[in-house]
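Student: With the sequence up front, the predicted model follows.
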Amino acid sequence: MKITDIQSFQPPTPGSPGDWRTQLGQIVVRVRTDAGMEGIGVGGGGAAAIHVIDTVLRDLLLGCDAGDVEALHRAMCEHTVFYGRKGLVVMAISGVDLALWDLRGKAAGVPVAKLLSGGCELLRPMPTYVTVFDDEEAEAAMAGGHGAIKLHVERFGDRPDPADIAELTKRTRDRLGGEKQIMIDAFGRWDVDTALRVADAVAPFNLAWLEEPLPPDDLAGYERLAATSPVPIAAGEHEYLAEGFRQLIDRRLLAVLQPDVNWCGGMTTLVEVYLLAEKANLRVCPHRGFEPFALHAICALDAQPLAESPRTWFNCLAGFPQIRDGMIHLQNAPGFGVSLQTPSQ
Ligand SMILES: [Mg+2]
């Protein structure tokens with residue numbers, strides 16, 4: 001099955017940023033083959049990533065066998081290595097890689113989850129979590145059946161008073177009781193001392209993790225946190241390719257790794273991260289796991305499945321997994337099971 005065309009576009013979605021200078025500029029990638037099949041993927045990087053696909057990746061892949069996804073992934077990374085080891089170029093590669101995995105599933109007539117699990121029947125329902133802003137929302141989410149909640153604390157600023165976050169966490173813990181999983185997302189903007197002060201302040205409330213307390217490249221800071229934080233540290237939604245994750249894993253900088261399959265290098269990279277993490281006995285909990293791409297890996301590979309809420313404004317695809325009573329269900333459809341809402345695009 002030879003690749004005959006690769007197209008990408010940035011769907012206009014209500015509420016999405018219109019500018020490419022943000023990781024939120026999600027793109028749809030379509031890979032067509034001489035067998036008449038089409039694979040659909042989603043990457044990031046907006047207009048800049050589309051330019052990389054149109055002027056570099058498309059030329060590289062046209063005429064290649066679509067089935068050798070890992071070799072094509074390697075070729076895309078090697079071809080762009082001097083300007084693309086992290087960020088926009090890898091976000092573009094992610095979209096192409098996911099479209100190739102979609103084709104691989106469609107060619108085999110099975111969901112990607114079944115390819116990843118060695119073919120066994122594994123379309124199990126999975127628990128989910130949502131991000132909330134206060135204890136009242138947290139209680140409502142739990143009443144709706146979600147398995148955990150994550151507190152959004154960006155409003156407390158880059159140098160928050162730990163007492164404010166501890167107070168919110170205590171209120172939430174009091175409402176939910178002792179067993180429910182609670183997390184905090186710091187959005188990568190604190191320094192180590194702030195992160196440690198907050199971690200100490202919230203430690204009594206039994207948090208599952210403190211997410212992205214530091215900017216992604218502050219590995220020395222993460223090393224200090226790994227050694228001293230009383231709360232498990234999670235991060236990785238802004239890390240790229242297996243080599244990036246290998247550093248985090250080999251140095252044991254994180255307790256929970258959070259690759260984003262639509263940014264980090266696609267399904268090929270996410271599978272590599274799961275394998276590396278399994279060997280190191282570390283947990284993986286993919287970023288925005290509700291969405292139909294990462295969810296296949298969570299379903300097939302994850303010992304502690306927990307799917308994070310999606311970007312609700314990204315609504316140009318049909319076939320999103322369904323949530324019932326807080327549990328998310330993959331559909332038994334070939335590939336990732338998605339299609340374009342507007343086939344004319
Ligand atoms: Mg986050």
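Tutor: Received the coordinates, thanks.
Student: can you give me the strands for the stretch 201-345 of the chain?
Tutor: Ranges of strands in the stretch 201-345 of the chain, per DSSP state E, counting those that start in this stretch, are 209-211, 233-235, 256-257, 283-284, 307-308, 317-318, 322-324, 327-329, 339-340.
Student: In the sheet, which strands lie alongside the fifth one, parallel or antiparallel?
Tutor: It refers to strand 307-308. Partners of strand 307-308 in the sheet, by DSSP bridges, are strand 126-132 (parallel).
Student: which residues are contacting the strand it pairs with?
Tutor: Under the contact criterion Cβ atoms under 8 Å, 6 or more residues apart in numbering, strand 126-132 has outside partners 138, 141, 146-152, 181, 183, 185, 290, 295, 298-299, 305-309, 323, 326-329. The C-beta positions use only the backbone N, C-alpha and C, and glycine is treated the same way.
Student: Alpha carbons of the biggest helix by length in the chain, in CSV - could you do that?
Tutor: The longest helix of the chain (DSSP state H) is helix 88-108. The C-alpha coordinates for helix 88-108 follow below in CSV (Å, rounded to 0.1, in the frame of the first residue of the first chain):
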residue,chain,number,x,y,z
LEU,A,88,6.7,22.3,16.1
VAL,A,89,8.3,19.8,13.7
VAL,A,90,7.7,16.9,16.1
MET,A,91,4.1,18.1,16.4
ALA,A,92,3.8,17.8,12.6
ILE,A,93,5.4,14.3,12.6
SER,A,94,2.9,13.3,15.3
GLY,A,95,0.0,14.0,13.0
VAL,A,96,1.5,12.1,10.1
ASP,A,97,2.5,9.2,12.4
LEU,A,98,-1.1,8.9,13.8
ALA,A,99,-2.6,9.0,10.3
LEU,A,100,-0.2,6.1,9.4
TRP,A,101,-1.3,4.2,12.5
ASP,A,102,-4.9,4.8,11.5
LEU,A,103,-4.2,3.3,8.1
ARG,A,104,-2.5,0.3,9.8
GLY,A,105,-5.6,-0.4,11.8
LYS,A,106,-7.9,0.1,8.8
ALA,A,107,-5.8,-2.2,6.7
ALA,A,108,-6.0,-4.9,9.4
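Student: Using PDB, write out every CA atom in the helix or strand just after that helix.
Tutor: Counting by DSSP states H and E, the element after helix 88-108 in chain order, helix or strand, is helix 112-116. Provided in PDB are the C-alpha atoms of helix 112-116 (Å, rounded to 0.1, in the frame of the first residue of the first chain):
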ATOM      1  CA  VAL A 112      -5.400   0.400  16.900                       C
ATOM      2  CA  ALA A 113      -5.900  -0.800  20.500                       C
ATOM      3  CA  LYS A 114      -6.100  -4.300  19.200                       C
ATOM      4  CA  LEU A 115      -2.900  -3.900  17.200                       C
ATOM      5  CA  LEU A 116      -1.100  -2.600  20.300                       C
END
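Student: what residues are up against Val261?
Tutor: By Cβ under 8 Å, 6+ apart, the contact set of Val261 is 94, 98, 267, 269-270, 286-287, 293-294, 297.
Student: quick one: low-confidence parts of the stretch 1-150 of the chain?
Tutor: For the stretch 1-150 of the chain, applying pLDDT under 70 flags the ranges 13-24, 119-122.
Student: Break down it into its helices, ranges please.
Tutor: Taking DSSP state H, counting those that start in this stretch as the test, the helices found in the stretch 1-150 of the chain are 46-52, 58-61, 69-79, 88-108, 112-116, 135-143.
Student: Packing partners of the shortest one?
Tutor: Okay, so that is helix 58-61. strand 3-9, helix 69-79 (3 or more Cβ pairs under 8 Å, 6 or more residues apart in numbering; DSSP states H and E).
Student: closest one to Ala235 among these?
Tutor: Closest to Ala235 of those, according to Cβ to Cβ: helix 69-79, at 22.1 Å.
Student: just to revisit the earlier point, compare the strands of the stretch 201-345 of the chain and give me the one nearest Arg173.
Tutor: Arg173 lies closest to strand 209-211 among the strands of the stretch 201-345 of the chain, at 14.4 Å (Cβ to Cβ).
Student: burial count for the nearest residue to Thr268 once chain neighbours are set aside?
Tutor: Distance criterion Cβ to Cβ, 6 or more residues apart in numbering; nearest residue to Thr268, sequence neighbours excluded, is His73 at 4.2 Å. Burial of His73 is recorded as 23 neighbouring residues (other Cβ atoms under 10 Å).
Student: Please report how far His73 lies from Ala99.
Tutor: Distance of His73 to Ala99, given as Cβ to Cβ, to the nearest Å: 12 Å.
Student: on that earlier part again, a markdown table please, covering the contacts of Val261 and showing distance to Thr55 and neighbour count.
Tutor: Formatted as a markdown table, the contacts of Val261 follow (distance: Cβ to Cβ, whole Å; neighbours: other Cβ atoms under 10 Å):
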| residue | distance to Thr55 | neighbour count |
| --- | --- | --- |
| Ser94 | 17 | 34 |
| Leu98 | 20 | 34 |
| Met267 | 24 | 29 |
| Thr269 | 22 | 27 |
| Leu270 | 26 | 30 |
| Pro286 | 30 | 29 |
| His287 | 28 | 22 |
| Phe293 | 25 | 28 |
| Ala294 | 28 | 27 |
| Ala297 | 30 | 25 |
